[in-house]
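Chemist: Structure for this input, please:
(one chain, ligands or ions: 2)
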Amino acid sequence: MVGSPLADPWPAPRPTSPVTSTISLPGSKSLTNRALILAALADGPSVVRRPLRSRDTLLMTAALAAMGIGVVDEGDDWRITPADLTHDADVDCGLAGTVMRFVPPVAGLSTGRISFDGDPHMRNRPVGEVLAALGGLGVDIDDGGRGSLPFTVRGHGSVRGGTVVIDASASSQFISALLLAGARYDEGVDVRHDGKPVPSLPHIDMTISMLRARGVEVDDTDANRWAVAPGPIGAVDEAIEPDLSNAAPFLALAATTGGEITIRDWPSSTTQPGDELREVLTRMGCEVSLDDVGLTVRGAGQLHGVDLDLHDVGELTPAIAALCALADSPSHLRGIGHIRGHETDRLAALARELGNLGADVTEHADGLSIRPATLHGGVFRTYADHRMAHAGVIIGSAVGGVLVEDIETTAKTFPDFAGAWLDLTGPALVEHR
Ligand SMILES: O=C(O)C1=C[C@@H](OP(=O)(O)O)[C@@H](O)[C@H](O)C1
Ligand SMILES: C=C(OP(=O)(O)O)C(=O)O
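Modeler: Ligands and ions are numbered 1, 2, ... in the order given. Modelled structure (predicted):
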């Protein structure tokens, strides 16, 4: 049914009438993988309720289990039991930034040798600042001087910790990684950033809020400095919110078809950057409302261009860029040079693939300009990037004959995305075959 890179690309369905539905979404990748790391380092067993079970989070549970942590699947939930970390282990990071960056600071607390590698493109994604920081905090790292995968962490069972200066302009995950494990270091950790502005600050707020919820003292009073006091990480029983970034293509479907989509259980307050979609879709011309059932987006039949700085919410770029390509006025998406280091160089990939379908896109060093144009069908390549696939199906929901390559790449953060999409749209019509 679904495509693979070598198989036929997937015909993106174009609904013939407005799509109206109420749906539930799987849990947040960012919340699930933080909850797992914190549970592994906690002072007792934790329960992670309604976690996301997708490639990125299964790679995380596999990594923790390989290091000796107890991971028990209890149906809807995962029970995580901390342990002394003594095993040698191989960690497959896949294409998950959260595994490649969040696990090495935990591995430093092990007496085992923990070796890391991942998908071919993962060797290009930045991690050197985390490795250098760990070196400065007393952890031995063998990376052949590359500052990238593959590398081995040779911990000594404890980490001294202390103050470290890093350049986190390439990824907020460098900072989150050090903060998540920092309470378990002898001196805690005091991370200072020196460089161009740190992207995705809401994701650092997410890290801090989850640490505080577990009794960890975090000082973030000064800009570009985050200090975690040494001490226990409390075990908790926590339910994971739905993934609001993965809501983007579904909400977009209301916009592109003039329909109405409600996402159940949208939190009234959250640290997830996907919450920003409420503002973005309103500015593009949709009607947006939040109530006890969830978030509802009503499409007005026409989308308007926007001028947005997405520095804080870069992971939303592919879906927003796709909507901009369908808008009736020009858009400028700025502040997102760092997303060239995501699953693929997203600025280059979006410019190329939207352009191949007729969109008028200019790629800048740190963003995209998108002007109205008449789009047409064709193959939309995804470069193993789940969010490129989301961009492809959004365009395909409004333009006939769009074929999305490797739709299964969405499994990174969404099990059976294609099935969930078809449930709403119905199958593609014969025009694609
Ligand atoms: O900490 C996290 O869970 C994430 C942080 C962000 O990374 P960057 O700061 O590298 O953009 C985001 O884009 C990614 O999808 C998830
Ligand atoms: C950038 C992303 O992922 P990762 O956690 O692999 O960095 C993303 O999901 O958009």
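Chemist: is the host helix or strand of D56 up against ligand 2 anywhere?
Modeler: Here D56, judged by DSSP states H and E, is contained in helix 55-67. No - Helix 55-67 lies out of reach of ligand 2 by CB under 6 Å from any ligand atom, never closer than 6.5 Å. The way it works is simple: take the backbone N, C-alpha and C, and place the C-beta from them, glycine included.
Chemist: Pull that helix out as PDB, backbone CA atoms only.
Modeler: Presented in PDB, the C-alpha positions along helix 55-67 are these (Å, rounded to 0.1, in the frame of the first residue of the first chain):
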ATOM      1  CA  ARG A  55      11.000   4.900  15.200                       C
ATOM      2  CA  ASP A  56      12.600   7.800  17.300                       C
ATOM      3  CA  THR A  57      11.200   6.700  20.600                       C
ATOM      4  CA  LEU A  58      11.800   3.000  20.000                       C
ATOM      5  CA  LEU A  59      15.400   3.800  19.300                       C
ATOM      6  CA  MET A  60      15.400   5.600  22.600                       C
ATOM      7  CA  THR A  61      14.000   2.700  24.600                       C
ATOM      8  CA  ALA A  62      16.400   0.300  22.800                       C
ATOM      9  CA  ALA A  63      19.400   2.500  23.700                       C
ATOM     10  CA  LEU A  64      18.400   2.700  27.300                       C
ATOM     11  CA  ALA A  65      17.600  -1.000  27.600                       C
ATOM     12  CA  ALA A  66      21.000  -1.900  25.900                       C
ATOM     13  CA  MET A  67      22.700   0.200  28.600                       C
END
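Chemist: got a list of contacts for it?
Modeler: 29, 32-33, 36-37, 40, 51, 71, 78, 80, 85, 87, 89-96, 98-99, 102-103, 106-107, 110, 112, 114, 411-413 (CB atoms under 8 Å, 6 or more residues apart in numbering).
Chemist: Show me how far that helix is from its chain's centre.
Modeler: 16 Å (CA atoms, centre = their mean, to the nearest Å).
Chemist: Kindly report the same for stretch 321-341.
Modeler: 18 Å.
Chemist: now swap in stretch 366-378 and tell me
Modeler: Counting by CA atoms, centre = their mean, stretch 366-378 comes out at 24 Å from the chain centroid.
Chemist: That stretch: end-to-end distance?
Modeler: End-to-end distance of stretch 366-378 (CA to CA, to the nearest Å): 27 Å.
Chemist: in the helix or strand following the helix holding D56, what counts as buried?
Modeler: Counting by DSSP H and E, the next helix or strand C-terminal to helix 55-67 is strand 70-74. Residues of strand 70-74 classed as buried: V71 (neighbour count, 16 or more other CB atoms under 10 Å).
Chemist: In its sheet, which strands sit next to strand 70-74, and in what direction?
Modeler: strand 77-81 (antiparallel) (DSSP bridges).
Chemist: Can you spell out which helices and strands pack onto the helix or strand just after the partner strand?
Modeler: Downstream of strand 77-81, the first helix or strand assigned by DSSP H and E is strand 89-92. Applying 3 or more CB pairs under 8 Å, 6 or more residues apart in numbering; DSSP states H and E, one finds that strand 89-92 contacts helix 55-67, helix 97-107, strand 113-117.
Chemist: Comparing the ones you listed, which comes out most buried?
Modeler: helix 97-107 (a mean of 27; mean count of other CB atoms under 10 Å).
Chemist: Look at G301 and report its pLDDT.
Modeler: What the model reports for G301 is a pLDDT of 85.
Chemist: That one touches G258, doesn't it?
Modeler: Yes - using CB atoms under 8 Å, G301 is in contact with G258, at 4.2 Å.
Chemist: neighbour count winner among these two?
Modeler: G258 (17 against 12; other CB atoms under 10 Å).
Chemist: Quick one: buried ones out of the contacts of helix 55-67?
Modeler: Judged by 16+ other CB under 10 Å, buried ones among those: 29, 32-33, 36-37, 40, 51, 71, 78, 80, 85, 87, 89, 91-96, 98-99, 102-103, 106-107, 110, 112, 114, 411-413.
Chemist: residues contacting the residue nearest to T410 when sequence neighbours are not counted?
Modeler: Distance criterion CB to CB, 6 or more residues apart in numbering; nearest residue to T410, sequence neighbours excluded, is F417 at 3.6 Å. Contacts of F417 were listed using CB under 8 Å, 6+ apart, and they are 386, 389, 407, 410-411.
Chemist: Export the residues you listed to TSV and append columns for pLDDT.
Modeler: Listed next are the contacts of F417 as TSV, based on pLDDT from 0 to 100:
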residue	pLDDT
H386	98
A389	98
I407	98
T410	98
A411	98
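Chemist: could these go into CSV alongside distance to ligand 1?
Modeler: Below are these laid out as CSV (distance: CB to the nearest ligand atom, whole Å):
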residue, distance to ligand 1
H386, 10
A389, 15
I407, 20
T410, 14
A411, 15
